[in-house]
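Visitor: could you work out the structure for the sequence below:
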Amino acid sequence: MSKNISEPQKNDMTHFLSIKDVPLPEALCQKIESQVKGDLNPNHLLVISKVFIIQFFTGISTLFICSQFGVSFLSINGLSVLFLKLGHLACMGLCGALFVGSGALITMFVLRPEEIKIIWKHKTLYYLLLSLLFLSIFYFLGTQHKTQSMFLAWLVGSVGGSQLALRLVKNFRFPHWDPLKKAFI
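Guide: Numbers count the residues shown, from 1 in each chain. The predicted structure is shown next:
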């Protein structure tokens, strides 16, 4: 391999190796170290905020193809008609899975691996709280006439759909990552 190195490249390398080490300013070293620590250990509040924003916009986009508790952007019911053939509770569960699961799916592709690692540690709690938040929003949008079993079916579907989406994308995007280990492999 060294036979392919040209004379100017050899001279450049020799010159580079002859340069004495120049100490970096301490303030610069601390700034770089702080930046790297921040990148490798993201703030939980910032991560959950990103997840919420992604879920909000993804969830809104799903309202074009599947109404949630009668809330939709189109006059047609889209996928709800197909889901209703399985029964009201199955429809609610599948709609919840679509609403929250699609957000979880997008989240796994948008966020950095370090942020995904934070989500992964608390994935059930994050998506349970997120599902409860959106369920509350739907409730206050005028869906109070629905039964508790419908709300529960939607909640179970949304948490289950998010967990399924997270696992599918994890296996696709990070096939060799063992969540029990400290780092991505």
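
Visitor: please make it C-alpha for all contacts and neighbour counts, starting now.
Guide: OK.

Visitor: all the helices of the protein, residue numbers only.
Guide: Taking DSSP state H as the test, the helices found in the chain are 7-18, 26-40, 44-62, 79-84, 88-110, 113-121, 123-140, 148-173.

Visitor: ranking those helices by burial, who's on top?
Guide: Neighbour counts (mean count of other CA atoms under 10 Å) averaged over each of those peak at helix 88-110, with a mean of 23.

Visitor: from residue 150, how far off is residue 88?
Guide: According to CA to CA, to the nearest Å, residue 88 stands 7 Å off from residue 150.

Visitor: low pLDDT regions in the protein?
Guide: 1-3, 70-77, 143-145, 178-185 (pLDDT under 70).

Visitor: quick check, central residue of it?
Guide: Nearest to the mean C-alpha position of the chain, counting by CA atoms, centre = their mean, stands residue 107 at 2.4 Å.

Visitor: I figured that one was touching residue 51, is that so?
Guide: Yes - using CA atoms under 8 Å, residue 107 makes contact with residue 51 at a distance of 6.4 Å.

Visitor: closest to residue 69 out of the helices of the chain?
Guide: Smallest distance to residue 69 across the helices of the chain (CA to CA): 7.1 Å, for helix 123-140.
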